[in-house]
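Student: This is a predicted model, with the sequence first.
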Amino acid sequence: MEIDDLFDFELNEAEGYWSVTGYYGRGEEVVFPSSYEGKPVKAIGDEFFPCNKRIKRVIIPEGYTSIGKLAFHFCTELTEIILPESLISIGESAFSGCTGLTEIKLPETLSSIGESAFWECTGLTEIKLPKELASIGEWVFYECTGLKEIILPEGITKIGMDAFHGCTGLTGIKLPESLTSIEGAAFQNCTGLTEIKLPDGLTFIGDCVFDKCTGLKEIKLPDYLTSIGEWAFGECAGLTEIKLPDCLSFIGDCAFYKCTSLKEIKLPESLVSIGESLFSECTRLANIKLPRSLTSIGGGAFYNCTGLTEISVDESNPVYCSVDGVLFDKAMTTLLLFPAEKKGKYSVPKGIISVRNGAFDNCKLTSISFPQSLLFIGSYEFNCEQLTDITVSELNPYYYSIDGVLFDKVSIEGSVLLEYPKNKDKTDYTVPDGIKAISPYAFYKCKPLVNIALPESLEIIREYVFAKCKGLKAITLPVSLQFIGERAFKDCPNLETVTLSRKTRIGHKALEGFGGRLVYRD
């Protein structure tokens, strides 16, 4: 066939060369022309899109300097491509989806690789990047699951967002000393990655960079690192230790979320704040010391750290202090966090005015007593499966307890049942007369409870109140009840009968998982 029948061309009149813009051949091998009508051919244009997606071999001759974006997009049977030494740039998504491509030799002259250039090239096993390359763009090797080895040259200063995201076959990589920043999710989901050496000059690790790198066991952070982004090491379940450098001043939210093998970590003196959920679900973290520089702790920073036995604070810290391993504000007016692994009975110190939301979450205490000074208890405060007893000073003007059950005297809803201890060994319980509302989660996971009697004064049952009460068999709701909150009876498998008034409003999925009978009393 004539060259005109095989290829489309476009002339760059200013530069005096042709670009190939289309291909119509049916053969499995494509050899690109080096000249056309007396002028050189130097480029493969954007969205070249050969009509034959069954091409297996491509030869691009010397003289070509660029391959445009989407040029060989989803040529799934392409297994070999020979690139010229003259090549300078590869465009965005040029080889994206070329799942049959197992190897490619990049010329040393190549200085630019566009975003997603080798996106989902799942057959690619190794690649050596040329020394002229200064940066690796976003998504360049995204989901290249077969990639086992990559050689990065000195001179690389930046790795873009999601550059190696999901490269599950990558077990190790040496980063060049020239690298100063790693952008978001660059190695996210690289589950096979077991080791990586970070360069000494690295100052910034972006969001989600090593998120879900479950095989990563140890990593040494460079001395001059100043910032770690959100979720940077999230769900690195194999990470057992990490040393934070002294220059570090910022750690983003959830940076070490669910690092379930992490046993200890030392926070640097330069650290000013701890982000939200920073160590959430770090179930093996046993103790932690807060430096004197720390002035802010985000919500849920130590949520579900079930192995935590002690929190200590530098005595010079102006905002926080600890007493017997329990975290308070410096003025000793707010209890911020009680370590989950501390056991036995605990008396909140006199002078404490408030208890932060989740302060006792997942703790292993059997008994808690509150002082006269207490004015505020946070929501969903007692997810404590071993708790049998909650007591309050008789002189407290806001809270009281009866038989180890906690109540609120002055809520806008009237008298409120706040918390029934989850490990109380009674099978039957009668809520006192006069109670107007039951707070969210009040009886949540009370497994021993079989029968409960509710007073005619009751008007509101909030969300999740009886959720996961596995032993609960039947319940009669008073005519006075106006509202049942969201998922109030979720996962009560033995609940056979719920008796209620037709006037009672039922919230979203309030009876989710309830397979018994609804009996209306009017």
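Tutor: Arrived safely.

Student: Relative to Phe233, how far out is the nearest residue to Leu285 once chain neighbours are set aside?
Tutor: Counting by CB to CB, 6 or more residues apart in numbering, Leu285 lies nearest to Cys305, which is 5.2 Å off, once chain neighbours are set aside. (Glycine included, C-beta is placed from N, CA and C.) Cys305 is 15 Å from Phe233, where distance means CB to CB, to the nearest Å.

Student: Name the helix or strand for Ile475, please.
Tutor: Secondary structure assigned from DSSP states H and E places Ile475 in strand 474-476.

Student: immediately after that strand, which helix or strand?
Tutor: strand 483-484.

Student: Could you list the paired strands of the helix or strand just after that next one along with their orientation?
Tutor: Tracing the chain past strand 483-484, the next element assigned as helix or strand by DSSP H and E is strand 497-500. Paired with strand 497-500 in the same sheet, following DSSP bridges, are strand 474-476 (parallel), strand 517-520 (parallel).

Student: how distant is the shortest one from the center of its chain?
Tutor: In other words, strand 474-476. 40 Å (CA atoms, centre = their mean, to the nearest Å).

Student: who touches it?
Tutor: Contacting residues not belonging to strand 474-476 are listed as Asn451, Ile452, Ala453, Leu454, Phe466, Leu495, Glu496, Thr497, Val498, Thr499, Leu500, Arg521 [CB atoms under 8 Å, 6 or more residues apart in numbering].

Student: how about a cut-off of 7 Å?
Tutor: Strand 474-476 is contacted from outside by Ile452, Glu496, Thr497, Val498, Thr499, using CB atoms under 7 Å, 6 or more residues apart in numbering.

Student: And for the last one?
Tutor: Under the criterion CB under 7 Å, 6+ apart, residues Glu496, Thr497, Val498, Thr499, Leu500, Arg502 lie in contact with strand 517-520.

Student: Give me the mean pLDDT for it.
Tutor: Here strand 517-520 scores 83 as its mean pLDDT.

Student: Stretch 454-463 too?
Tutor: 95.

Student: List the buried residues in it.
Tutor: Buried residues in stretch 454-463, counting neighbours by 16 or more other CB atoms under 10 Å, are found at Leu454, Ser457, Leu458, Glu459, Ile460, Ile461, Arg462, Glu463.

Student: Can you name the residues that contact Lys212?
Tutor: Shown in contact with Lys212 (CB under 7 Å, 6+ apart): Gln188, Asn189, Thr191, Gly234, Glu235.

Student: Quick one: distance of stretch 244-253 to the chain centre.
Tutor: Its chain's C-alpha centre and that of stretch 244-253 lie 18 Å apart, by CA atoms, centre = their mean.

Student: how long is it from one end to the other?
Tutor: From its first residue to its last, stretch 244-253 covers 16 Å (CA to CA, to the nearest Å).

Student: pLDDT of that stretch, averaged?
Tutor: Rounded mean pLDDT across stretch 244-253 is 92.

Student: swap in stretch 293-308?
Tutor: Here the average pLDDT along stretch 293-308 is 92.

Student: related to what we said a few turns ago, sec struct for the residue nearest to Leu285, please.
Tutor: Recorded secondary structure, Cys305: coil (DSSP: H, G, I helix; E, B strand; the rest coil).

Student: how close does it get to Leu262?
Tutor: From Cys305 over to Leu262 (counting by CB to CB), the distance is 10 Å.

Student: so what sits against both of the two?
Tutor: Joint contacts of Cys305 and Leu262 (CB under 7 Å, 6+ apart) are Cys282, Leu285.

Student: how about the helices in the chain?
Tutor: Under the criterion DSSP state H, the chain contains helices at 3-6.

Student: show me where pLDDT drops low in it?
Tutor: Under the criterion pLDDT under 70, the flagged ranges of the chain are 1, 49-52, 379-381, 515.

Student: Spell out which residues make up each domain of it.
Tutor: Domain assignment for the chain by automatic domain parsing gives 1-124, 426-522.

Student: Quick one: closest of those domains to Thr157.
Tutor: Comparison of the domains of the chain against Thr157 by CB to CB identifies domain 1-124 as nearest, at 13.0 Å.

Student: hang on, Lys197 packs against Ile173?
Tutor: No. With contact defined as CB atoms under 7 Å, Lys197 does not count as touching Ile173 (8.2 Å).

Student: And these two? Which one has more around it.
Tutor: Set Lys197 next to Ile173 and count neighbours by other CB atoms under 10 Å: Ile173 wins out with 19 against 13.

Student: neighbours of the closest residue to Ile288 other than its chain neighbours, just the number please.
Tutor: Nearest-residue entry for Ile288: Ile311, 5.9 Å, with adjacent residues in sequence omitted and distances by CB to CB, 6+ apart. By the measure other CB under 10 Å, the count of residues near Ile311 is 22.

Student: Repeat that for Cys254.
Tutor: 27.

Student: Ok, Leu129 next?
Tutor: For Leu129, using other CB under 10 Å, the count is 19.

Student: do Phe9 as well
Tutor: Neighbours of Phe9 (other CB under 10 Å): 17.

Student: contacting residues around it?
Tutor: If you count contacts by CB under 7 Å, 6+ apart, Phe9 has them with Trp18, Ser19, Val20, Thr21, Tyr36.

Student: Over to Pro339?
Tutor: For Pro339, counting by CB under 7 Å, 6+ apart, the contacting residues are Leu308, Thr309, Glu310, Ile311, Gly325, Val326.

Student: was I right about the last one contacting Thr334?
Tutor: I take that to be Val326. No. With contacts counted by CB under 7 Å, Val326 stays clear of Thr334, the gap being 11.4 Å.

Student: one step back: now the two most distant members of the buried residues of stretch 454-463.
Tutor: Every pair of the buried residues of stretch 454-463 checked by CB to CB; the farthest is Ser457 and Glu463, at 20.3 Å.

Student: can you list the contacts of Lys212 in CSV and add distance to Phe210?
Tutor: CSV is the format used below for these (distance: CB to CB, whole Å):
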residue, distance to Phe210
Gln188, 7
Asn189, 10
Thr191, 11
Gly234, 8
Glu235, 9
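
Student: farthest pair in those?
Tutor: Comparing all pairs in the contacts of Lys212 by CB to CB, the longest separation belongs to Thr191 and Gly234, at 13.2 Å.

Student: More neighbours: which of these two?
Tutor: Per other CB under 10 Å, whichever of Thr191 and Gly234 has more neighbours is Gly234, with 25 against 19.

Student: List the contacts of the more buried one.
Tutor: Cys208, Asp211, Lys212, Cys254, Ala255, Tyr257, Lys258 are the contacts of Gly234 under CB under 7 Å, 6+ apart.

Student: Backbone dihedrals for the residue lying closest to Pro84 once chain neighbours are set aside, please?
Tutor: Excluding the flanking residues, the one nearest Pro84 by CB to CB, 6+ apart is Glu62, at 4.5 Å. For Glu62, the backbone dihedrals (degrees, to the nearest 10) come out as phi -60, psi 150.

Student: residues near Glu62, how many?
Tutor: Neighbour tally, Glu62, other CB under 10 Å: 11.

Student: For it, give me its contacts.
Tutor: Glu62 neighbours (CB under 7 Å, 6+ apart): Pro84, Glu85, Ser86.
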